[in-house]
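Visitor: Next one to model:
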Amino acid sequence: MFISDAIAAPAAGAQDPIMGLLPFIIIFVLFYFMLIRPQMKRAKEQKKMVDALQKGDEVITTGGLLGKITKVGEQFVSLEIAENVTIQVQKQTVQTLLPKGTVKSAA
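Guide: Purely as a prediction, here's the structure:
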């Protein structure tokens with residue numbers, strides 16, 4: 001005896017290729033607006049702040065040093081972290097620009 005042929009259901013219609021890519025497109029758009037765009041905005045603001053540094057500004061570096069800028073160079077700034085104690089750090093390590101008078105109140 002032969003096994004009878006199975007009755008096949010009619011083939012489903014071919015799925016639209018765009019519908020198959022739609023979840024990936026939605027995920028990319030969400031990543032762009034929730035992760036990539038805000039990060040680019042923060043990077044632009046950080047670069048603008050670093051470019052505007054000037055003598056007398058009070059800053060915190062990414063390493064946690066609190067100081068007052070005494071000299072601004074092209075790549076480096078000199079920070080006075082205590083009386084007669086000056087160090088040089090890269091401009092890009094400056095994380096936060098503080099309001100004037102913060103260094104005196106922190107001491």
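Visitor: Check the separation of the first and last residues in stretch 85-103.
Guide: The first residue of stretch 85-103 is 14 Å away from its last residue (CA to CA, to the nearest Å).
Visitor: What is the burial count for Val89?
Guide: 19 (other CB atoms under 10 Å). Placement of C-beta: from N, CA and C, glycine included.
Visitor: ditto for the one 10 residues further on
Guide: With neighbours defined by other CB under 10 Å, the count for Pro99 comes to 7.
Visitor: show me the contacts for it.
Guide: Neighbour list for Pro99: Glu58 [criterion: CB atoms under 8 Å, 6 or more residues apart in numbering].
Visitor: I'd say Ile69 and Phe76 touch.
Guide: No. Counting by CB atoms under 8 Å, Ile69 stays clear of Phe76, with 10.6 Å between them.
Visitor: Of these two, which one has the most company?
Guide: Ile69 (20 against 15).
Visitor: For the more buried one, what is the enclosing helix or strand?
Guide: In the assignment (DSSP states H and E), Ile69 maps to strand 66-72.
Visitor: With Lys41 instead?
Guide: helix 37-51.
Visitor: Before I go, just wanted to say thanks for your time.
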